[in-house]
Every structure is written in structure tokens, then in C-alpha cells.
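A.B. asks: have a look; sequence and predicted model below, questions after that.
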Amino acid sequence: MAGAAEVPLAAEIAAGRRRRRAAFLRRLFGHGSFLIGFVIMALFVAIALAAPLIAPHSPIASDYRNLNAPPSALHWLGTDAFGRDVLSRIIYGMRVSLRIGIAVVLVTGLFGTVLGVLASYVRWLDGLVMRMLDGLMAFPGVLLAIALAAVLGPSEANAVLALSITFTPRTARVVRAGVLVVQGMPYVEAARAIGAGHGRIILRYILANALSPLIVQLTYVFAVSVVAEAILSFLGVGPPPPAPTLGNIIAEGRSSVQETWWLVTFPGMVIAVAVLGLNLMGDGLRDVLDPRQIARREGN
Amino acid sequence: MLRFLTRRLLSAIPVLFVVSLVAFGLMWLVPGDIAAEIGGTDATPEDLAAIRERLGLDKPVWERAVNWYGALLQGDLGYSYLLNRSVVDAVIERLPVTLSLAGLSLALATLTGMLLGILAAVRHNTLLDQGAMIVALIGLSVPEFWFGILMIIMFGVWLGWLPTGGFVPLSEDPVGWARSMVLPAFSLAVSQMGVIARMTRSAMLDVLGQDYIRTVRAKGLRARGVVFRHGLPNAMIPIVTVVGVITGVLLSGAVVIETVFSLPGVGRLIVGAIQRRDFPVVQGGLLVTAGIFVFVNLLVDVLYAAFDPRVRDGRGG
């Protein structure tokens, strides 16, 4: 450590932090997978945000002269049984996916962090919290979300709730594992020794250094949420019609799939591309953030 | 080994307890009057009272809990109004379909995924490696229910090679059974194939970079021997872990795939029950599926111990 005379100035510390941040971003965006994933997701977000500007038709207005019409110059991706423009419905459906994805990531991130920290920091809670989470994780995949969404009733908020309850346990585990590693570090002990309170130790010294796995995990949570929303909608327990979601466009097309392949094909493609983008971002983040990977890269 | 087994078995108890709590609690979350939901709009007050009595809704919660757990411990999951039979019977009847679907997909995903992963690792940093990983990533990103519908359109409707849905029992017509299972099993396997391929590749790369691999190479062992005798066995632990996790994903994926392909499995039973608000079946189906998943994870842990002596001695691993 530096002696009293060599204590760096606040400005120097800030400059160092900025430098490190810039280096990190350079490395991140220099990572091929992350860059491709980022571009895909940026496009997705842009389209969703600009929906009213770029959607060629209203997502819920019917064109009665074109019911179940295949793709044409007027309706690029065809129309559904009510004569609604599929392209416009997909564009508006992307908004729902994005909203649900972001909400689930925020809620899951918050509760996952709180539970993960509680389990690792408050020792006597560990067993209790972890057994609870183990129990929730025993419901395979999105089955719990399907049941919860069904019981709570179909709505966007309930979909978010159901998915968050389903994804929080694994996220909490990731946080807990990260905190357990950091907790034993000498700098945490040092912080405690200079009299830092629990809140400060947790936020400033532990969480700040255990964030990487959480960020990677949340990218995957986002990806799974997009698919899960579609599954909920497909099974009829997602956000209710007539509001378009990528899942309920597919669900409506499924009954007439022999004639109306476009109803199923296009929204599914959008889901697949979005999930691909998120997975690519997650892979990139993991490569850049995981110290083991860095060691491997520098070692070999 | 016996101590390890007992410890592991005991640790499943709290998990199963929480599972049962959640299943029991689900009924609580139903907004409004469950009896009215089940009975529908044309139910008379007497009908509703009968339903309440049957489900025990007229009793206080603690009494309901005691009754429910008492029945559960005797293997009784309640009674379905709409199917007019016990939940256990309904689930058991449909279990073989779900298990064979999940089992087939697991076999398919593990085989192709491991093959892809080993190829990618052995030909590290070549076009083959990149190609395999792109295939895996795309597989991983494709929603299985959508992929299933595309398969139906392609092979069922356009080409007409395979049935578009429905189920033929194995005992009646093995060929028909295989034909009815190919598309669902494949659709379900695709994304998990991607997961296994990626995991196998990274596990193999880790192992192939070890000193002992260099030693056997230096001894002049053929490449195949290096990979399969010395490489793969040591890469099995992470692969087995993923296979355990995947079983859960397959069980829940089966719910959707069974709906897409009209297969009479537990998944479709649960979805149907959800749509008809048949809550005892939803509870029972959830419990059984979670129970199977817990059992599979137990099996995976035992497999670990078989692959890695450190695990069973409790030295971590």
C-alpha cells in the first residue's frame, strides 16, 4: 500500500477508473460474439421503441378483404384470421417481449441479489434460504411459471411475476457463490477493520466485486424470458389477446398451420434471432468478465 | 459410498417438502372463488357447496393442510372433477408417454451433442470447430415449440412423410410409435443438443490441455485412444452435470411439445387442466414432475460419485 505521502489524489483515482472502464469496453466490443449480439439486440430495441413509426398498419385493426392472406406487397408478412397485419403485430409484439424481458431481469436481479447476499452474508439464514430455493428449482424449467401464470390469471404483470419467481432461485445461487468467494478477501476484512458498516461492506466491497457472474446470468435470464413469454402466450396463460405478443401470434396461427404457415414462421424467427443475440452477448460478457478465462488467455 | 447415498437421500427431503408447500400454496393464489371457477357459470349454489366440500374449501387452512399432507403421504393426490378420476391414476396413465418422449430426446441430445462437442474440441480453432459451435448456438436459441410446429409444417404437411400429431402406443404398433415420436423427440432435443455440445467442447478442451494428455501423446498413443480413453472419461463430470440439468428442461419442454404434437402425456394433462381450471390435476402433475426431477438429480449425484471418488469421500470436487 502507498504511504501517506503517496496517497493518490481523488482525480487520479477517477482517471484510473475511467481508463479501466474504457479498456473494458474496448475488450467487450472487440469480442466478436458480443458485438454481433449487441447489434442484434440494439436493432431489436430500436424496432420495438419505434413501433408506432415503422409498423405499416395498426396491430389490431382488421382488413376484412384480406383474411388469412399470404405475404404480399400490401401485407409483407401476410395477415391473420382477423385480417390483421402480421408484420405490425410482430413489431408491437416485440415491445411486449422487451418489456417483459426487462422487467423480469430487474425483478430477478433484485430479489436474486437480496436472497443471494442474505444466504451468504447472514450465516444462519443460509440453510433456510438455500433449501427454499432448492425446492423452487426442483420444478423443472418453466413449468412453475406456467402453473403460476395460470393460477394468477393471464396478464403481463402476472407473466413477469411468474417468470421472476421461476428464475430468481438460480440467480440467487449465482450471487451467493460470487459473494462467498469475495467475502473472504483481505480487502473485505480491511473494510471491516476500518469500521465500515454492513451496508457499506456489502454494497461497496462485496457486491461491486461479485457483479460479473450476476450480469452474465441476467443476460441468459433475459433470453429465457423472451422464450418463456412466448411459451406462456402460446399456452394461453400469457398477456391476453387482442394485444399482440410473439407467442400469441404463433398460438393463433397454430390451429390453421396447414394453410397459414406465415403466422407461425415469422414471429418464431424473431424470437430465435433475439435469443441468439442475447446468448451471443452473454457468451461475450462471460468471456470478458470471467477471470478464469482471462488467466487462460494470458497463460496460453 | 453407503454414507454418501444416505446423506444425499436425506437432503432430498427438505426439497420435496418445499415442492409440496408450493403445490399446496398454488390453490391459495387463485383469485376469487375456486369453486365458482371449477363449477363454471351455470353451477347452482348446491353444486358450489358440493365442490367446496369435495376440495375441503369449507374447512380452515390448517385442516386442509393436514388432510392434504395426510393423503399425500399415502400417495393420494386428490380427485379430478373434470376427468372424474383420481389424479394419481390420470398421471400414471400418461407418464409413459412423457417419459419416453423425454428419454428419447435425452438420448438424441446427449449423443449428437457429445459428438459435436468432441469433434469441435479435437479440431479446436478450425472451421469444423466454428461450424459445430454455430450449429450448437442456433440450436440453443431456437424456441422448441416453434421448431416443433415448423417440423410439422415441413415433414407432416408439405412432405407428408410423418404424422402431424397424435400418438401410437409402442405395444400396438412399434413402427407407428416410432413415426409418432420422431418429430417431437427431435424438436425437443435440438436446443439441449446445443447445450451439451458447448459443455462437452469446453470440458474436453480443459482436459486435452492437461499434462497427462501430453504424456500419453508423447508415449505415441493414437489420437483416438487419447480422446476416448484418456480425454473423455475425465471430461465426464461437467457433462453429467449438464445432462442432469437438461433432464429438467426436457421434462418442462415436454409440456409444450406434447401440446404441439397432441401427445397424451403428463404435460398435456397439466396444460389441459390449467385451461379447464382443474387445480387438483395441476397440483398433482406439478408434484410428480418435480419429484421425477429431484430423483434424476439424485441419480446424477450418484453417477458423480461413481465417476469421481473425491465426491463420495466428501472431499468436494
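C.D. replies: Here it is on my side, so go on.
A.B. asks: for chain A, see how far away the residue positioned nearest the centre of chain B is.
C.D. replies: Chain B has residue B:251 as the residue nearest its centroid, 2.2 Å off, counting by CA atoms, centre = their mean. Note on residue B:251: its distance to chain A, by CB to the nearest CB, to the nearest Å, is 4 Å. Yep, even glycine has a C-beta here, placed from its N, CA and C like the rest.
A.B. asks: which SSE is that residue in?
C.D. replies: Using DSSP states H and E, residue B:251 sits in helix B:232-260.
A.B. asks: may I see the buried residues of that helix?
C.D. replies: B:232, B:234-237, B:239-260 (16 or more other CB atoms under 10 Å in any protein chain shown).
A.B. asks: what of stretch A:64-73?
C.D. replies: A:66, A:68-69, A:71.
A.B. asks: so how far is it from its chain's centroid?
C.D. replies: Between the centre of stretch A:64-73 and the centre of its chain there are 35 Å (CA atoms, centre = their mean, to the nearest Å).
A.B. asks: my guess is residue A:88 contacts residue A:58. True?
C.D. replies: Yes. Between residue A:88 and residue A:58 there is a contact under CB atoms under 8 Å: 6.5 Å.
A.B. asks: okay, the two: which has more neighbours?
C.D. replies: residue A:88 (24 against 14; other CB atoms under 10 Å in any protein chain shown).
A.B. asks: how many residues are close by the closest residue to chain B within the stretch 1-150 of chain A?
C.D. replies: Nearest to chain B in the stretch 1-150 of chain A, going by CB to the nearest CB, is residue A:135, at a distance of 2.2 Å. Around residue A:135 there are 21 other residues, counting by other CB under 10 Å.
A.B. asks: and it, how far from residue A:146?
C.D. replies: Distance, residue A:135 to residue A:146, by CB to CB, to the nearest Å: 17 Å.
A.B. asks: which parts of the host helix or strand of residue B:54 are buried?
C.D. replies: Following DSSP H and E, one finds residue B:54 within helix B:45-55. Residues of helix B:45-55 classed as buried: B:48, B:51-52, B:55 (neighbour count, 16+ other CB under 10 Å).
A.B. asks: can you check stretch A:71-83 too?
C.D. replies: Those would be A:71, A:75, A:77-80, A:83, for stretch A:71-83 by 16+ other CB under 10 Å.
A.B. asks: residue A:270: which of these is nearest?
C.D. replies: For those, the closest approach to residue A:270 (CB to CB) belongs to residue A:77, at 10.2 Å.
A.B. asks: what about the closest one, which SS state?
C.D. replies: Under DSSP: H, G, I helix; E, B strand; the rest coil, residue A:77 falls in the coil class.
A.B. asks: residue in the stretch 201-317 of chain B nearest to chain A?
C.D. replies: For the stretch 201-317 of chain B, CB to the nearest CB, closest residue to chain A: residue B:252, 2.7 Å.
A.B. asks: who's in contact with that residue?
C.D. replies: Residue B:252 is in contact with A:139-143, A:146, B:289, counting by CB atoms under 8 Å, 6 or more residues apart in numbering or on different chains.
A.B. asks: do the same with residue B:232
C.D. replies: B:118, B:204, B:207.
A.B. asks: most neighbours, which of the residues you listed?
C.D. replies: residue B:204 leads the contacts of residue B:232 on contacts (other CB under 10 Å) with 25 neighbours.
A.B. asks: grab the nearest non-local neighbour of it.
C.D. replies: residue B:121 (3.5 Å; CB to CB, 6 or more residues apart in numbering or on different chains).
A.B. asks: wait, residue B:216 touches residue B:226, no?
C.D. replies: Yes. Using CB under 8 Å, residue B:216 is in contact with residue B:226, at 5.6 Å.
A.B. asks: OK, contacts around residue B:231?
C.D. replies: Per CB under 8 Å, 6+ apart, neighbours of residue B:231: B:204, B:207-208, B:213.
A.B. asks: for the residue nearest to residue B:204, give its distance to residue B:205.
C.D. replies: With CB to CB as the criterion, residue B:121 and residue B:205 are 5 Å apart.
A.B. asks: of these two, who's got more company?
C.D. replies: A count of neighbours by other CB under 10 Å puts residue B:121 above the other of residue B:121 and residue B:205, at 25 against 18.
A.B. asks: need the next SSE after whichever strand or helix holds that one, C-terminal direction.
C.D. replies: If you go by DSSP H and E, residue B:121 is part of helix B:87-122. Downstream of helix B:87-122, the next assigned helix or strand under DSSP H and E is helix B:127-141.
A.B. asks: looking at the chain, which helix or strand is least sure?
C.D. replies: No chain in the question, so chain A it is. Ranked by mean pLDDT, DSSP states H and E, the weakest helix or strand in chain A is helix A:291-299, scoring a mean of 48.
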